[in-house]
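In: When you get a sec, could you give me coordinates for this:
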Amino acid sequence: MIEGRTEFRYRGHTFEELKKMDMNEFMALLQSRPRRSLKRGFTEQQKIFLANIKDARAQLDAGKEPKIVKTHCRDMVVIPTMVGLQVGIHNGREFVKVQIKPEMLGHVLGEFTYNRKRVEHHAPGVGATKGSAFIPTK
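Out: Here you go, the predicted structure:
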């Protein structure tokens, strides 16, 4: 442990303890919305995403560089098996690369990418004001 830094804990449990828990024990630690989401089960797309996460985790544990796991499942709750991997989360136009950290546990993937651009207004267009209605021909 680094001097002055504390160990990560989620609801009083270390990350090592969280990795050893089964899904029902981890669900009991979550807040009501992600707990209900996990209790209802995974969709087919989420099951495919979890299978890809499992493959990437096996590559990481074998010492290889894991591939980035891409997904459209922005409503997927971050669980301990995802921590340490890079995930490409679709924002509607592209896949945004996000490194999953222990602090993200219990949140949904969509919280970590923006899917709307900030509106930037520029100068008014032609005809927007009385002065801009007249355009000289010469």
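In: Now do the same contact list for the residue most central in space within the chain.
Out: Nearest to the mean C-alpha position of the chain, counting by CA atoms, centre = their mean, stands Leu109 at 2.6 Å. With contact set as CB atoms under 8 Å, 6 or more residues apart in numbering, Leu109 has these partners: Thr71, Cys73, Arg74, Asp75, Met76, Val78, Val87, Ile89, Val98. (C-beta placed from N, C-alpha, C; glycine too.)
In: What are the buried residues along the longest helix seen in the chain?
Out: For the chain, the helix with the greatest residue count under DSSP state H is helix 44-61. When neighbours are counted by 16 or more other CB atoms under 10 Å, the buried residues of helix 44-61 are found to be Gln46, Phe49, Leu50, Asn52, Ile53, Ala56, Arg57.
In: Can you give the distance of it from its chain's centre?
Out: 15 Å (CA atoms, centre = their mean, to the nearest Å).
In: This protein: helices as residue ranges?
Out: For the chain, the helices defined by DSSP H occupy 15-20, 23-29, 32-39, 44-61.
In: Which residues are in contact with the residue lying closest to Pro34 once chain neighbours are set aside?
Out: Nearest non-adjacent residue to Pro34, counting by CB to CB, 6 or more residues apart in numbering: Val77, 4.5 Å away. Val77 is in contact with Leu30, Pro34, Ser37, Leu38, Gly106, His107, Val108, counting by CB under 8 Å, 6+ apart.
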